[in-house]
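[1] the sequence and its predicted three-dimensional model are supplied below.
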Amino acid sequence: MSAPKALFVSSNRIGDCVISSGVIREIARQLPGAQITVACGRPPAPFFRSAPNVERVIILDKKKAAGHWVDLWKQVRGTKWDLVVDIRGSALAWLIPAKRRVVYSRRWETGLRKVEMVSRLMGSATPLNPEIWLDDRARAEAAAVIDPQLAAGPGEGPIIALAPIAHQPGKSWPADRWGALVEKLKAEPRFDGWRFMPVGGPGDRPPATPALEAAGDRGIDCVGKGDILCSAAVIDRAALFVGNDSGLMHVSAALGRPTLGLFGPTEWWLYGPWGPKTRTVASNETRGQFAPIEDLTVEHVFEGVLALHDAFIGGANPDEP
């Protein structure tokens, strides 16, 4: 008998792909030996290249008049699928042959955390924890970026990763405050000898510049240095992570790094980082109320970083959080 075939239609956003990544292992649990095809946007596609049981990744580049869905339909219509999981809620699942379909719809939005919502969608009684599948290529690419900068700097101290960008309006803490935060952390005894590492894509240079300038020779520049899996491997080298509500925040949490997420006018109680080593700070800490992210002060974030450090680093080896 041939191996069962499963199609997983995931998101075009990095954060959503991370949040729903537990679906991969759940498909394998429900269909042992399944050969999985993943369809997703181009930015998150590298996540799946070494994911278990994934034999193919189809990149969905958005086109006019839903042309990307037509392209995907042409590529998958000839397969008799044992399972189709579509977390984007498209019509595709109903237009291709499948023994079973799991399709997202708005009725699943009942105030649950997004990881819990996806888990219930899949019929799992326990949360499907997000996962990042780092491979040797990603680790080598990260080392090629980080190691020369560590060697050229004042020492190979612990690293705090910073993600000063979010690609949706209202989610980005002002760039100058990232610089001010680094200045305060440099003066804090807990961070004596630490290195400061902004991480981001090619377009994230402007918001990362104040943090890099403030870090000086203690900075490590990991902005625009590789694909998203390389960025994940970079974050995996850090002892702590601080970032806006963004895909990289979810990457850090999925890797098990102690993670602090910065929130403005979005639901931190729904979209906050998932995992036991995570914290959030928000411009309004009252659930159900909001304020512009500009209301989030440097002092508030600084206190959040210290609390994260004390909770998960303390007197332990900071290279093993």
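    Cool, got the structure. Numbers count the residues shown, from 1 in each chain.
[2] may I see the buried residues of the helix or strand containing residue 176?
    Using DSSP states H and E, the secondary-structure element containing residue 176 is helix 175-186. Of the residues in helix 175-186, 177-185 count as buried by neighbour count, 16 or more other C-beta atoms under 10 Å. Using the backbone N, CA and C atoms, a C-beta is placed for each residue, glycine as well.
[3] which one of the residues you listed sits closest to residue 302?
    For the buried residues of helix 175-186, the residue nearest residue 302 by C-beta to C-beta is residue 184; the value is 5.0 Å.
[4] quick check, pLDDT for the closest one.
    Looking at residue 184, its pLDDT is 98.
[5] cool, residue 64 as well?
    For residue 64, the pLDDT comes out at 88.
[6] equivalent analysis for the one 4 residues further on, please.
    The score at residue 68 is 92. That number is its pLDDT.
[7] I figured it hits residue 59, correct?
    No: between residue 68 and residue 59 there is no contact under C-beta atoms under 8 Å: 9.4 Å.
[8] so what's the residue count around residue 206?
    Residue neighbour count, defined by other C-beta atoms under 10 Å, stands at 11 for residue 206.
[9] also residue 84?
    Every residue meeting other C-beta under 10 Å relative to residue 84 is counted, giving 24.
[10] again with residue 143
    Neighbourhood size, residue 143 [other C-beta under 10 Å]: 14.
[11] three-state assignment of it?
    What DSSP: H, G, I helix; E, B strand; the rest coil gives for residue 143 is helix.
[12] swap in residue 58?
    Under three-state DSSP, residue 58 comes out as strand.
[13] likewise residue 279?
    The three-state label for residue 279, taken from three-state DSSP, comes out as strand.
[14] enumerate every residue touching residue 160.
    Residues near residue 160 by C-beta atoms under 8 Å, 6 or more residues apart in numbering: 185, 191, 194-197, 238-242, 305.
[15] hang on, it in a helix?
    No: looking at residue 160 with three-state DSSP, it is strand, so not inside a helix.
[16] separation between it and residue 185?
    When C-beta to C-beta, to the nearest Å is the yardstick, residue 160 and residue 185 sit 7 Å from each other.
[17] cool, and residue 200?
    Residue 200 sits 18 Å away from residue 185 when distances are taken as C-beta to C-beta.
[18] with residue 246 instead?
    Going from residue 246 to residue 185 by C-beta to C-beta gives 20 Å.
[19] repeat that for residue 13.
    Here residue 13 is placed at a distance of 29 Å from residue 185 (C-beta to C-beta).
[20] how many other residues sit next to residue 111?
    Counted by other C-beta under 10 Å, the residues lying close to residue 111 total 9.
[21] surely it and residue 270 touch.
    Yes: with the criterion set as C-beta under 8 Å, residue 111 and residue 270 qualify as a contacting pair; they are 7.4 Å apart.
[22] just the strands in the stretch 101-250 of the chain please.
    Applying DSSP state E, counting those that start in this stretch to the stretch 101-250 of the chain gives strands spanning 101-103, 159-163, 195-200, 222-223, 240-244.
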